[in-house]
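**Student:** Model the structure of this input:
(2 chains)
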There are 2 protein chains.
Amino acid sequence: MTRTRDLAKYDSIIQASVNLTNKLGFDGISISKIAKKAKVSPATIYIYFDNKEDLFTKLYIDIREKMSKGALEGLEEGMTTEEMFKSIWHHSFAFNLKHPEYLVYREQFERTTMMRNIKPEEFELFKTIDSLLRRGIEEKTIKTLPLPILTAFSYAPIITLLTYHNAGIVKMDENHIEQACAIAWNAIHS
Amino acid sequence: MTRTRDLAKYDSIIQASVNLTNKLGFDGISISKIAKKAKVSPATIYIYFDNKEDLFTKLYIDIREKMSKGALEGLEEGMTTEEMFKSIWHHSFAFNLKHPEYLVYREQFERTTMMRNIKPEEFELFKTIDSLLRRGIEEKTIKTLPLPILTAFSYAPIITLLTYHNAGIVKMDENHIEQACAIAWNAIHS
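**Tutor:** Below is the predicted model:
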């Protein structure tokens, strides 16, 4: 960032955008509404972002990077495939449990045409899971199946479970999280 | 329906609404746009529906009922829990594979506040899966866990896999469908 930029202002723009988008959807919000909520001038927003679409896209990338960082922080050298799988599973679950607003934003964004500019395979978490599953297939601890089928039964249910949890359909306590992680591993374990 | 109503017209309104909503989202469409697409007058639409929200809600219920019917049509007297589970899984997968437009509509609708008027537990498919899982838990062929956790790893991945399939991320051929159904059953099997 150049010296005309200010991290606190940037963060308040980001926070205001997440809140407003989750409440009103992408069609319902404008730069001026975000400015008002973030208590900055619209001109300030244009220091950081070219336009509304640029703001929404950068915000999505920012959230995906935060999710990656949260999910990967428990990894250590020398872990087995199963240990790595479970570490990522638990940390991802815990991060998303703590940040329901990011999940809502992510799901909303992924339903828009702005998603065409995103390459999911470039996110750190995507790359790590991809190489983890390939390693498991190679060493025969994970079923030989296309990777998207493996993730549909292992990591994708994290989103389903958290959506249920946030909607009050099921309460994911420590015990349930532990059991769900075991099911996820057993589902793809060879 | 009274004799002022006409099933062909009703169907073309339904079809036009699904197409337009999937293309433009709920905010982007109006009764007059639907009328134009369905080649009926706006007044005709008001014979069947009170307003836009009523139309979208009835359409959602209609689609969910079609999905139920498609998923349940293979069931037969005397099937075991595993046979019932797999029959519903395969028929649900096949029905949704054939009707991607229903899935898109369903997911869009479920993100709106109109969803508050819907009671998912009243759909036939919901009730059947609910009692199937309870039966499995009782006879100890299915793990003793809250039902939403069981569905997150068994039936919910159908939606994930079809979303991947429709986006070209993985091709779900007969062989993959068979393997995915086996994973779903093993994930919850006790």
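**Student:** okay, now A:I159: neighbour count?
**Tutor:** Per other C-beta atoms under 10 Å in any protein chain shown, the neighbour tally for A:I159 reads 18. Placement of C-beta: from N, CA and C, glycine included.
**Student:** Excluding residues flanking it in the chain, which one is nearest A:I118?
**Tutor:** Of all residues beyond its chain neighbours, the one nearest A:I118 is A:Y60 (6.7 Å), with distances taken as C-beta to C-beta, 6 or more residues apart in numbering or on different chains.
**Student:** try A:E76
**Tutor:** Distances taken as C-beta to C-beta, 6+ apart place A:S87 nearest to A:E76, at 7.9 Å, with adjacent residues excluded.
**Student:** Give me the distance between the helix or strand harbouring the residue nearest to A:I118 and the centre of its chain.
**Tutor:** Assigned by DSSP states H and E, A:Y60 falls within helix A:52-72. Averaging C-alpha positions (C-alpha atoms, centre = their mean, to the nearest Å) puts helix A:52-72 7 Å from its chain's average.
**Student:** How about stretch A:129-137?
**Tutor:** For stretch A:129-137, the distance to the chain centre is 20 Å (C-alpha atoms, centre = their mean).
**Student:** Kindly report the same for stretch A:32-43.
**Tutor:** Taking C-alpha atoms, centre = their mean, the mean C-alpha location of stretch A:32-43 is offset from the chain mean by 26 Å.
**Student:** quick one: buried residues of stretch A:75-95?
**Tutor:** For stretch A:75-95, burial by neighbour count (16 or more other C-beta atoms under 10 Å in any protein chain shown) applies to A:T81, A:M84, A:F85, A:K86, A:S87, A:I88, A:W89, A:H90, A:H91, A:S92, A:F93, A:F95.
**Student:** Now tabulate these in JSON lines and tack on secondary structure and pLDDT.
**Tutor:** Formatted as JSON lines, these follow (DSSP: H, G, I helix; E, B strand; the rest coil; pLDDT from 0 to 100):
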{"residue": "A:T81", "secondary structure": "helix", "pLDDT": "98"}
{"residue": "A:M84", "secondary structure": "helix", "pLDDT": "98"}
{"residue": "A:F85", "secondary structure": "helix", "pLDDT": "98"}
{"residue": "A:K86", "secondary structure": "helix", "pLDDT": "98"}
{"residue": "A:S87", "secondary structure": "helix", "pLDDT": "98"}
{"residue": "A:I88", "secondary structure": "helix", "pLDDT": "98"}
{"residue": "A:W89", "secondary structure": "helix", "pLDDT": "98"}
{"residue": "A:H90", "secondary structure": "helix", "pLDDT": "98"}
{"residue": "A:H91", "secondary structure": "helix", "pLDDT": "98"}
{"residue": "A:S92", "secondary structure": "helix", "pLDDT": "98"}
{"residue": "A:F93", "secondary structure": "helix", "pLDDT": "98"}
{"residue": "A:F95", "secondary structure": "helix", "pLDDT": "98"}
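**Student:** show me what contacts the residue lying closest to A:P148 once chain neighbours are set aside?
**Tutor:** In space, and not counting its chain neighbours, A:P148 is closest to B:V170: 4.0 Å by C-beta to C-beta, 6+ apart. B:V170 sits next to A:P146, A:P148, A:I149, B:L161, B:Y164, B:H176 when contact means C-beta atoms under 8 Å, 6 or more residues apart in numbering or on different chains.
**Student:** ok, back up a step: now do the buried residues in the helix holding A:Y60.
**Tutor:** Within helix A:52-72, the residues scored as buried using 16+ other C-beta under 10 Å are A:52, A:55-57, A:59-60, A:63-64, A:67-68, A:70-72.
**Student:** can you map out the strands along chain A?
**Tutor:** Shown for chain A, no strands are assigned by DSSP state E.
**Student:** For it, which residues are neighbours of chain B?
**Tutor:** A:25, A:27-28, A:107-108, A:111, A:143, A:145-146, A:148-149, A:152-153, A:156-157, A:160-161, A:164, A:169-170, A:176, A:179-180, A:183-184, A:186-188 (C-beta under 8 Å from any C-beta of the partner chain).
**Student:** sorry, back to before: show me what the helix holding A:Y60 is packed against.
**Tutor:** helix A:7-24, helix A:31-38, helix A:81-98, helix A:100-110, helix A:124-138 (3 or more C-beta pairs under 8 Å, 6 or more residues apart in numbering or on different chains; DSSP states H and E).
**Student:** Please name every helix or strand in contact with the third one.
**Tutor:** Contact analysis of helix A:81-98 by 3+ C-beta pairs under 8 Å, 6+ apart lists helix A:52-72, helix A:124-138, helix A:156-166, helix A:174-188 as its packing neighbours.
**Student:** How far off centre is it?
**Tutor:** 12 Å.
**Student:** how about that helix as PDB, C-alpha atoms only?
**Tutor:** Extracted in PDB, the C-alpha atoms of helix A:81-98 (Å, rounded to 0.1, in the frame of the first residue of the first chain):
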ATOM      1  CA  THR A  81      -1.600 -38.400   5.200                       C
ATOM      2  CA  GLU A  82      -4.300 -39.100   7.800                       C
ATOM      3  CA  GLU A  83      -2.900 -36.600  10.300                       C
ATOM      4  CA  MET A  84      -2.700 -33.900   7.600                       C
ATOM      5  CA  PHE A  85      -6.200 -34.700   6.400                       C
ATOM      6  CA  LYS A  86      -7.600 -34.400   9.900                       C
ATOM      7  CA  SER A  87      -5.600 -31.300  10.900                       C
ATOM      8  CA  ILE A  88      -6.900 -29.500   7.800                       C
ATOM      9  CA  TRP A  89     -10.400 -30.700   8.500                       C
ATOM     10  CA  HIS A  90     -10.500 -29.600  12.100                       C
ATOM     11  CA  HIS A  91      -8.800 -26.200  11.500                       C
ATOM     12  CA  SER A  92     -11.000 -25.500   8.600                       C
ATOM     13  CA  PHE A  93     -14.100 -26.400  10.600                       C
ATOM     14  CA  ALA A  94     -13.000 -24.300  13.500                       C
ATOM     15  CA  PHE A  95     -12.100 -21.200  11.400                       C
ATOM     16  CA  ASN A  96     -15.500 -21.300   9.500                       C
ATOM     17  CA  LEU A  97     -17.400 -21.900  12.700                       C
ATOM     18  CA  LYS A  98     -15.800 -18.700  14.100                       C
END
